[in-house]
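Participant: how would this look folded up:
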Amino acid sequence: MMLPTRFEHFTIISYIIWGYTMKTTLRFLAGLVCTFMLLGGCGGQKKIEPVAVGEMEMYKDPAVGFQIQHPKGWVVNAQVGRAAFYNAAEVDKKFLDPTGAGTIGVEIAVTVTKSPNPVDAIKKWREERTAEFYQLQADQVVTVAGKEATKTAFSANYGNKNVINGHHIFIPVDSTLYDLSFAGFGDHYNAYAAVFDATLKSFQLPKAPEKGRDETLPSETFAEYDAKMFTFQYPDNFNFTNPPKGKNEIVAGFRSDKRQDCNILFDVFGAQGLSLEKVFDQNRGRYKGATAGKATVGGQPAMTVTLSATKDVERRVYFTVKNDKVVRITMDWFKPQRTEYLAAYEKVISSIKFK
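Facilitator: Model (predicted):
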């Protein structure tokens, strides 16, 4: 076996040095590229632009009675005393398990809990979050829905870039604590700041019943609803229902929170080129024993049928045609309260505005 010459030694060493230099250079370039990526967005993610406040819709708790608006089209997870809204599907899974599967996004939630001392409940929340290594900022006093409230900002790092930023708004009212939370993963929190503010401003506490007033009657306070093709107002003690849409283009249902037999239903379907009179003639046969009438809906001529739906419930159905769409409005009321319900329903009809 022949030993390498001095020249061959030199050549081998040169290759080693060259290889090491190239490796170091590549590492340097990779680091430089990573730095530029970080400047443009961590991990190659682009910076999230601020999200504008778009069309909103109202949510009303069916039992507690609080109301809050959220962006239209958001995912709604709700039960009595709690409602959560997410900007996309699967975001709820990510908030449930920040290190698991799911979609990164934002959450708005309202949680109502009964507590003999709501202020102590807020302190306990801080203690529990501190024990979980949340980063909490100092409490701020704010005013929400006319009540003094406490705002607490937080940050929770679950590792592997799973960081949730957000804030809670605690509103103590008698023996009840309203907890409004606004949170987002990473930069999503700041990007949705305007949406969070608009949602918070829309929050309404349950209204105390008027003394001496029959709680089964429609409220004298009305809320606004946007049905895309038109807007209208309805008594704010009526809750949303989920009627089947079927082949209709738009369906919106509302029911008295005290009477299951008092309802308002809007449904919209194609007129197929037919006039109001033709549409009415095609549909009136479905309402046996009905009395026909005329009205105006949103400035448009309308035709009505009034009949007995059951022994104790009366019904009136409005038909009008706008832009080749039939708008049908069905209203049910308890017969002994006919005068009061019809007065409220007339306000609903007169509030309709077509776009």
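Participant: look up phi and psi at residue 166.
Facilitator: With angles defined as degrees, to the nearest 10, residue 166 shows backbone torsions of phi 180, psi -170.
Participant: what's in contact with the helix or strand harbouring residue 347?
Facilitator: When elements are defined using DSSP states H and E, residue 347 is found to belong to helix 338-350. Contact partners of helix 338-350, identified using Cβ atoms under 8 Å, 6 or more residues apart in numbering, comprise 214, 217-218, 222, 232-235, 262, 264, 295, 297, 314, 316, 318, 329, 331, 333-334. Quick note: C-beta positions are derived from backbone N, CA and C, even for glycine.
Participant: okay, buried residues for it please.
Facilitator: Buried residues in helix 338-350, counted by 16 or more other Cβ atoms under 10 Å: 341, 344, 345, 347, 348, 349.
Participant: right, and the helix or strand after it?
Facilitator: Past helix 338-350, further along toward the C-terminus, the next helix or strand under DSSP H and E is strand 353-354.
Participant: check which helix or strand covers residue 199.
Facilitator: Taking DSSP H and E as the criterion, the element that holds residue 199 is helix 193-202.
Participant: in ChimeraX, how would I select the buried members of the contacts of helix 338-350?
Facilitator: Restricted to the buried members of the contacts of helix 338-350, where burial is judged by 16+ other Cβ under 10 Å, the ChimeraX selection command reads as follows:
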select :217,218,222,232,233,234,235,262,264,295,297,314,316,318,329,331,333,334
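Participant: just the contacts of helix 338-350: which are in strands?
Facilitator: With DSSP state E as the criterion, strands contain 222, 232-235, 264, 295, 297, 314, 316, 318, 329, 331, 333-334 from among the contacts of helix 338-350.
Participant: and the residues you listed, which is the shakiest by pLDDT?
Facilitator: On pLDDT alone, residue 222 ranks lowest of the ones in strands among the contacts of helix 338-350, at 89.
Participant: just list whatever residues bridge to the nearest residue to that one once chain neighbours are set aside.
Facilitator: Leaving aside its sequence neighbours, residue 222 sits nearest to residue 233 (Cβ to Cβ, 6 or more residues apart in numbering; 4.0 Å). For residue 233, the residues forming beta bridges with it (DSSP bridges) are residue 224.
Participant: for the closest residue to residue 330 other than its chain neighbours, what are its contacts?
Facilitator: With sequence-adjacent residues excluded and distances taken as Cβ to Cβ, 6+ apart, residue 330 is closest to residue 265, at 4.4 Å. Listed by Cβ under 8 Å, 6+ apart, the contact partners of residue 265 are 243, 251, 252, 253, 254, 329, 330, 331.
Participant: related to what we said a few turns ago, so the residue nearest to residue 222 sits right up against residue 220, yeah?
Facilitator: No - using Cβ atoms under 8 Å, residue 233 and residue 220 do not qualify as a contacting pair, with a distance of 11.7 Å.
Participant: any shared contact partners between the two?
Facilitator: What both residue 233 and residue 220 touch, as defined by Cβ under 8 Å, 6+ apart, is an empty set.
Participant: shouldn't residue 51 be within a helix?
Facilitator: No - using DSSP: H, G, I helix; E, B strand; the rest coil, the secondary structure at residue 51 is coil, not a helix.
Participant: report pLDDT for it.
Facilitator: Predicted confidence (pLDDT) at residue 51: the value is 96.
Participant: tell me how far it lies from residue 71.
Facilitator: 9 Å (Cβ to Cβ, to the nearest Å).
Participant: and the spatially most central residue of the chain, helix, strand or coil?
Facilitator: Of all residues in the chain, the one closest to the mean position by Cα atoms, centre = their mean is residue 70, 3.4 Å from it. Counting by three-state DSSP, the backbone at residue 70 sits in strand.
Participant: need the contact list for residue 302.
Facilitator: For residue 302, the contacting residues are 276, 294, 295, 296, 318, 319, 320, taking Cβ under 8 Å, 6+ apart as the criterion.
Participant: now those residues as JSON lines including distance to residue 156?
Facilitator: Formatted as JSON lines, these follow (distance: Cβ to Cβ, whole Å):
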{"residue": "276", "distance to residue 156": "58"}
{"residue": "294", "distance to residue 156": "61"}
{"residue": "295", "distance to residue 156": "56"}
{"residue": "296", "distance to residue 156": "56"}
{"residue": "318", "distance to residue 156": "52"}
{"residue": "319", "distance to residue 156": "54"}
{"residue": "320", "distance to residue 156": "52"}
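Participant: next one: phi and psi at residue 190?
Facilitator: Torsion angles at residue 190 (phi, psi; degrees, to the nearest 10) stand at phi -70, psi -30.
Participant: OK, contacts around it?
Facilitator: The contact partners of residue 190, by Cβ under 8 Å, 6+ apart, come to 48, 50, 165, 184.
Participant: can you rerun that using 7 Å?
Facilitator: Listed by Cβ atoms under 7 Å, 6 or more residues apart in numbering, the contact set of residue 190 is empty.
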